[in-house]
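Visitor: attaching a predicted model along with its sequence, questions to come.
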Amino acid sequence: MAEIEESAEIKPVITEATWGFLFLRLWIGFRMLFAGAEKFYAKVLDEDTGIEEYKFAWGHAKITAEDNIHKVVADNAFLPLNPKEFCVAVFGADPEKVGFLGGLKFDLWFAMSLPYLLLVFGAFLVVGILPRTSLFMAGITFMLLSVGLMSMPDNEGIAALGIHVGLVAVALCLVKQARFNLTKY
């Protein structure tokens with residue numbers, strides 16, 4: 001009787017890379033969730049006591065965006081962040097001739113939308129909805145935050161966000177190993 005050759009080894013469905021992706025996805029998702037929630041805390045004046053204290057409210061995202069993010073970056077950046085101011089400062093353009101860029105404030109728009117971006121894509125990653133898209137958006141968000149810090153410059157913040165971008169890149173490389181998601185893409 002002919003010997004039966006041993007067949008190729010059956011690979012498990014859940015591998016080390018699967019677990020690695022799960023932990024990365026959860027870490028990035030929780031990091032985004034907590035960073036987004038933090039943007040809803042603002043120092044507000046309590047009308048009863050007259051004392052300023054930190055409180056959580058959905059409306060505080062605007063206060064945080066204007067006072068803590070936009071103002072700090074605008075006051076400390078060595079390059080103007082708005083397109084009109086950039087063209088005037090760097091190229092010496094006439095402010096009256098800059099045109100359509102005049103009223104756009106990209107930095108304030110980004111600061112206002114940042115808490116919601118962090119919460120939505122963080123929740124998507126934790127739950128496992130659209131992991132590829134959510135990771136890509138997390139990477140874009142971290143890159144945009146890095147550019148903002150590079151204009152200040154804030155070397156410690158840049159390094160921390162660089163680690164975040166690296167973790168997102170590794171997670172994107174491992175996303176084909178995803179098994180514990182609600183959606184595939």
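Guide: The structure has been received and is ready for your questions. Numbers count the residues shown, from 1 in each chain.

Visitor: pick out the residue nearest the middle of this protein.
Guide: Geometric centre of the chain, nearest residue: residue 141, 3.5 Å, by Cα atoms, centre = their mean.

Visitor: what mean pLDDT does whichever helix or strand that residue is part of get?
Guide: Here residue 141, judged by DSSP states H and E, is contained in helix 131-150. Mean pLDDT, helix 131-150: 90.

Visitor: again with stretch 176-185
Guide: Mean per-residue pLDDT for stretch 176-185: 81.

Visitor: start to end distance for it?
Guide: For stretch 176-185, the first-to-last residue distance is 9 Å (Cα to Cα, to the nearest Å).

Visitor: ok, which stretches of the protein are helices?
Guide: Shown for the chain, the helices assigned by DSSP state H span residues 16-38, 60-63, 71-76, 83-91, 106-127, 131-150, 155-174.

Visitor: returning to that earlier point: for the residue nearest to the centre of the chain, give its distance to residue 13.
Guide: 32 Å (Cβ to Cβ, to the nearest Å). The way it works is simple: take the backbone N, C-alpha and C, and place the C-beta from them, glycine included.

Visitor: what about residue 176, how many residues nearby?
Guide: For residue 176, the neighbour count with other Cβ atoms under 10 Å is 10.

Visitor: how close does it sit to residue 184?
Guide: Taking Cβ to Cβ, one finds residue 176 at 10 Å from residue 184.

Visitor: what comes up buried for stretch 36-51?
Guide: 36, 39, 40, 41, 42 (16 or more other Cβ atoms under 10 Å).

Visitor: and if you look at stretch 20-29?
Guide: Here stretch 20-29 shows 21, 22, 24, 25, 28, 29 as buried, counting by 16+ other Cβ under 10 Å.

Visitor: ok, residues contacting that stretch?
Guide: Stretch 20-29 is contacted from outside by 121-128, 131, 134-135, 138, 164, 167-168, 170-171, 174-175, 177-180, using Cβ atoms under 8 Å, 6 or more residues apart in numbering.
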